[in-house]
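> okay, predicted coordinates and the sequence, questions at the end:
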Amino acid sequence: MTATYEDVLYEIVDGTTALITINRPERRNAFRAQTVEELVDAFRRAWADVQVRAIILTGAGDKAFCSGGDVKIRAELGNYGPSKSGLWEVEYLHKLIRDIPKPVIAAVNGFAIGGGHVLHVVCDLSIAAESARFGQVGPRVGSFDAGFGTNFLARLVGEKRAREIWFMCRQYDAAQAERWGLVNAVVPDDQLLDEARSWGREIAALSPTALKFLKQAFNVDTEHQAALSGLAGSALDLYVDTPEAAEGAAAFVEKRSPNFARADKR
């Protein structure tokens with residue numbers, strides 16, 4: 001079974017695992033509104049398919065899992081481009097990954113940065129290639145995630161480390177990510193998808209109903225963060241229209257350091 005998208009690849013592997021690949025390697029798999037819309041459709045397709053017991057999310061090529069929102073498009077248009085629905089559904093995508101009653105495995109190849117970092121954080125399990133790099137860039141490019149990307153991240157790695165990730169905008173290698181509990185395992189680059197598929201096969205041998213209840217039980221303690229994610233998204237919609245946010249996006253496109261003091265009119 002296959003489905004055709006422009007920004008996403010979807011296929012069933014091993015008979016029981018949906019492999020969803022962000023397919024914009026020329027942009028380090030940065031997502032635009034259309035990409036998010038296609039990811040939503042792909043995850044819903046996997047949810048509806050009773051043969052699918054696990055989902056793997058990865059990025060095309062060997063450079064990046066996902067580098068977040070496409071800042072070049074945002075700098076040009078002031079948003080992340082058109083979609084069929086007319087909506088920017090990234091917060092819904094985060095909630096969908098959590099709500100789908102099947103384990104979602106992030107196979108992190110290369111950079112998981114910004115919004116791409118948030119995507120792997122909300123997945124149930126993360127396997128990293130040895131070359132994977134993790135980090136946030138929001139405060140550098142005029143953006144932020146005050147929903148799952150901060151609150152749930154703190155549950156994974158602790159408050160001090162989560163604040164460091166966001167306040168310093170550093171990058172961390174796979175070994176450090178594993179030490180911090182940010183990923184479950186690290187494997188050689190050429191074994192990443194094989195390992196993720198192996199995990200998918202292990203999951204497929206287990207009771208899907210039991211896994212459904214377990215995933216929902218794990219989500220209970222942090223479900224209130226979905227409301228915070230919606231509130232944060234509304235705040236971000238207002239923030240991206242400010243001179244400060246525009247300076248961050250412009251500096252990224254122009255490959256220079258941002259001058260936020262010039263844009264801050266407080």
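Cool, the structure landed.

> I'd say residue 156 and residue 181 touch.
Yes - with contact defined as Cβ atoms under 8 Å, residue 156 counts as touching residue 181 (5.8 Å). Glycine gets a C-beta too; all of them are placed from N, C-alpha and C.

> quick check: closest non-adjacent residue to residue 82.
residue 33 (6.3 Å; Cβ to Cβ, 6 or more residues apart in numbering).

> let me know the distance separating that neighbour from residue 53.
Separation of residue 33 from residue 53 (Cβ to Cβ, to the nearest Å): 30 Å.

> kindly report the same for residue 17.
Residue 17 is 7 Å from residue 53, by Cβ to Cβ.

> again, but for residue 35
Noted for residue 35: a distance of 25 Å to residue 53, by Cβ to Cβ.

> the two: which has the busier surroundings?
Taking other Cβ atoms under 10 Å, residue 35 and residue 53 do not tie; residue 35 has more neighbours (27 against 24).

> pLDDT value on residue 88, please?
With respect to pLDDT, residue 88 has a value of 87.

> for it, which non-adjacent residue is spatially closest?
Residue 88 sits nearest to residue 33 (Cβ to Cβ, 6+ apart), 5.3 Å away.

> helix/strand/coil for the residue nearest the centre of the chain?
Taking Cα atoms, centre = their mean, the centroid of the chain lies closest to residue 119, which sits 1.5 Å from it. Three-state call for residue 119 (DSSP: H, G, I helix; E, B strand; the rest coil): helix.

> I'd guessed it sits against residue 112; true?
Yes - between residue 119 and residue 112 a contact is recorded at 7.5 Å, counting by Cβ under 8 Å.

> mind checking pLDDT for the residue lying closest to residue 178 once chain neighbours are set aside?
Excluding the flanking residues, the one nearest residue 178 by Cβ to Cβ, 6+ apart is residue 186, at 5.1 Å. pLDDT for residue 186: 98.

> what helix or strand does residue 186 sit in?
strand 185-187 (DSSP states H and E).

> list the buried residues of the helix or strand hosting residue 249.
Residue 249 is part of helix 243-254, with elements assigned from DSSP H and E. Buried positions in helix 243-254, judged by neighbour count with 16 or more other Cβ atoms under 10 Å: 244, 245, 246, 247, 248, 249, 250, 251, 252.

> pLDDT value on the closest residue in space to the third one that isn't next to it in sequence, please?
Read that as residue 246. Leaving out its chain neighbours, the residue that sits closest to residue 246 by Cβ to Cβ, 6+ apart is residue 142, at 6.7 Å. Note on residue 142: pLDDT of 85.

> can you name the residues that contact residue 142?
By Cβ atoms under 8 Å, 6 or more residues apart in numbering, the residues touching residue 142 are 239, 240, 244, 245, 246, 247, 248, 249, 258.

> from residue 244, how far out is the residue lying closest to the last one once chain neighbours are set aside?
Excluding the flanking residues, the one nearest residue 258 by Cβ to Cβ, 6+ apart is residue 251, at 3.7 Å. Distance, residue 251 to residue 244, by Cβ to Cβ: 11 Å.

> how about residue 94?
Going from residue 94 to residue 244 by Cβ to Cβ gives 24 Å.

> the helices in this protein, which residues?
Remark: helices assigned in the chain by DSSP state H are 33-48, 71-77, 90-99, 115-122, 138-141, 151-157, 159-168, 174-179, 192-204, 208-220, 225-239, 243-254, 260-263.

> buried residues of the fourth one, list them for me.
This means helix 115-122. Buried, per 16+ other Cβ under 10 Å, within helix 115-122: 115, 116, 117, 118, 119, 120, 121, 122.
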